[in-house]
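**Student:** Structural data only, the sequence is not supplied:
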């Protein structure tokens, strides 16, 4: 807010125009908040379910890994992770009310069989295969949750920022401008009354 100036009609018009623009901005922020909420609500429940599924899969994977380590040792389990493989991902960017929302397309399949892993069945036991299956399932769940989690985080941050901006306009800027308009209008009305009183006094003296 600028410092208080003299209560003039120009100041009254300026304050009223500024208040109108602020009200329009607040209305636009309300529409943006509603749009973000509509976009966020359908993603909230699936995101929460995906987190629980990831936690369950991770717990099963690490339990299977501990069993494989107990049977084959660290070097035996580490050898089954070779050769590594490269995965290519396609990422698009969408916008919701100016909010950048990433979207992952063509998520690759992580689960592989023995032939795809190029592992000799006789060289490892079932504990290693069980751990590998769990970790591949965990990697798939994590990658599938990337898009939804990124959308939830981006929309949630934008919603919080929009709510703060709207709160500032509604609770601080608009009341100050409205008070300034009322103050200038009262000052102008008092000045008009003083001018009328002064004119009546001058007319009475002339008579």
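**Tutor:** Received it, and whenever you're ready, just let me know what you need. What you are looking at is a predicted structure, and each value in this text was computed from that prediction instead of being measured.
**Student:** Distance of residue 134 relative to residue 146?
**Tutor:** Residue 134 sits 19 Å away from residue 146, taking C-beta to C-beta, to the nearest Å as the criterion. (Glycine included, C-beta is placed from N, CA and C.)
**Student:** between these two, who's got more neighbours?
**Tutor:** residue 134 (19 against 15; other C-beta atoms under 10 Å).
**Student:** Where does pLDDT dip in this protein?
**Tutor:** 1-5, 76, 78-85, 96-97, 106-125 (pLDDT under 70).
**Student:** which SSE is residue 138 in?
**Tutor:** Taking DSSP states H and E as the definition, residue 138 sits inside helix 126-168.
**Student:** any idea which helix or strand comes after that helix?
**Tutor:** Assigned by DSSP H and E, the successor of helix 126-168 is helix 174-206.
**Student:** Nearest residue to residue 183 in space, please, no chain neighbours.
**Tutor:** Excluding the flanking residues, the one nearest residue 183 by C-beta to C-beta, 6 or more residues apart in numbering is residue 7, at 6.9 Å.
**Student:** again, but for residue 67
**Tutor:** residue 127 (5.0 Å).
**Student:** any idea how far that neighbour lies from residue 21?
**Tutor:** Distance from residue 127 to residue 21, by C-beta to C-beta: 68 Å.
**Student:** So for these two, which sits in the more crowded spot?
**Tutor:** Using other C-beta under 10 Å as the criterion, residue 127 and residue 21 rank with residue 127 on top: 18 against 11.
**Student:** quick one: the strand or helix carrying residue 73 to helix 174-206, angle?
**Tutor:** Secondary structure from DSSP H and E places residue 73 in helix 9-79. With axes from the mean of the first three to the mean of the last three C-alpha atoms, to 10 degrees applied, the angle from helix 9-79 to helix 174-206 works out at 170 degrees.
**Student:** ok, then the element right after helix 9-79?
**Tutor:** By DSSP H and E, the next helix or strand past helix 9-79 is strand 90-96.
**Student:** Give me the distance from that following strand to the chain's centre.
**Tutor:** Offset of strand 90-96 from its chain centre (C-alpha atoms, centre = their mean, to the nearest Å): 15 Å.
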